[in-house]
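Asks: Based on what follows, work out the 3D shape:
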Amino acid sequence: MSKSVMRRAGVAVTALAVIAGVAGCQGDDKKAADAPAAKARTQDRTAATKALTAAYEKTSEAKSAKVRMTMTMPASMEGGGDFEMTGVMGWEPTLMDMTVKGDAFQSEPGDPEQMRMLMVDNVMYMDMGAEAAKDMDGKRWMKMDIGAIAEQSGDKELQKQMTGGLENMNQDPSQQLAVLLDSPNLKHVGSEKVGGVDTDHYKGSLTVAEMIDANGSLDVLSDEERKSFLEGVEKAGIEGYDIEVWVDGDGYPAKMNVGMDSPEGAVTIVSEYSDYGAKATVQTPPAGETVDLMEMLGEIGEGLGAAEDAQSDSAAS
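Replies: So this is what the prediction gives:
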């Protein structure tokens, strides 16, 4: 498999991983306030919680939506650059059909301008393009069963982290709302237009520890593993998170902003949603047009092993 193919696969996975865990940490000023101000904040949070709880329930029941995501990552970050993802996502069951395009895909001559990515039954399929198919026996689709990869590793902690991350990879807007509802300083910012539609704008911030507590996919971790995860995130220079949502008159999120401040710079995702509840289906590519990443890596490893054995036999003789 060429370096170009592996790089494009890595870029795609990086983009999805960012979707899974990114959020911003601009935060609000936490100076002490007088009692009347504190009471006003409590009332504001109560009203905001009521509105977003209703939006959460409607969004959960919708089970699908069309989405356009724009992502910006520092160039110094692995897989960094600007990305745009458009398509449809579904939850319960989880599925995705997205087209991704961005700077990181076109760093070498012949690279495709965009990549289509599918996810269904916890398996990801990536259209690597016609050029990449030349390195994959004429097959342009790469299959990645992340759960199977984790299980094959034999590392139980890695299995928990990878499968938990996979659950988050296609995190639906209702789950983002659930996280935002755990913000201690949730507030209604005001009324704004998004794409010509009237919406109510809400915002809240969470510390790293609060975000971990709110993230249901991390419930599989033991207390020791959660502590280790928290220390790792803090060591990476991440201080906190912030989520913004604009809810339309029908009670659905029309737009969400999430991002994260890192030592390399700010990482942001802006998501715009529409057509909630529209039927979402994903047709996986035929097996004859698909290469399994694990099988390919296994064949490469066997080839390298045979070459090493031949060299050893030659040296011994």
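Asks: Specify the local secondary structure of D135.
Replies: D135 carries the three-state label coil when classified by DSSP: H, G, I helix; E, B strand; the rest coil.
Asks: what are the bridge partners for the nearest residue to L180 once chain neighbours are set aside, then?
Replies: Once flanking residues are discounted, L180 sits nearest to I243: 4.6 Å by CB to CB, 6 or more residues apart in numbering. Any C-beta I mention is one placed from the backbone N, CA and C, and that applies to glycine too. Counting by DSSP bridges, I243 forms beta bridges with V258.
Asks: Okay, buried residues for the host helix or strand of V267 please.
Replies: Secondary-structure assignment from DSSP states H and E places V267 in strand 265-274. For strand 265-274, the neighbour count (16 or more other CB atoms under 10 Å) marks V267, T268, I269, V270, S271, E272, Y273 as buried.
Asks: Kindly provide the distance from T99 to V88.
Replies: Separation of T99 from V88 (CB to CB, to the nearest Å): 10 Å.
Asks: scratch that, V208
Replies: Distance from V208 to V88, by CB to CB: 32 Å.
Asks: helices or strands up against whichever helix or strand M117 is part of?
Replies: Per DSSP H and E: M117 is located in strand 114-120. Under the contact criterion of 3 or more CB pairs under 8 Å, 6 or more residues apart in numbering; DSSP states H and E, strand 114-120 touches helix 3-21, strand 95-102, strand 123-127.
Asks: Strand partners (parallel or antiparallel) of the last one?
Replies: What it means is strand 123-127. Under the rule (DSSP bridges), strand 123-127 has strand 114-120 (antiparallel), strand 141-144 (antiparallel) as partners.
Asks: So which of these is nearest G204?
Replies: strand 114-120 (28.4 Å; CB to CB).
Asks: Could you list the buried residues of the closest one?
Replies: Here strand 114-120 shows M115, R116, M117, L118, M119, V120 as buried, counting by 16+ other CB under 10 Å.
Asks: Likewise for stretch 67-87?
Replies: Under 16+ other CB under 10 Å, the buried positions of stretch 67-87 are 67, 69, 71-73, 79-81, 83-87.
Asks: Could you report the neighbour count for the residue nearest to L180?
Replies: Close neighbours of I243, defined as other CB atoms under 10 Å, add up to 24.
Asks: do V197 as well
Replies: Number of residues near V197 (other CB under 10 Å) recorded here: 14.
Asks: Cool, thanks, talk later.
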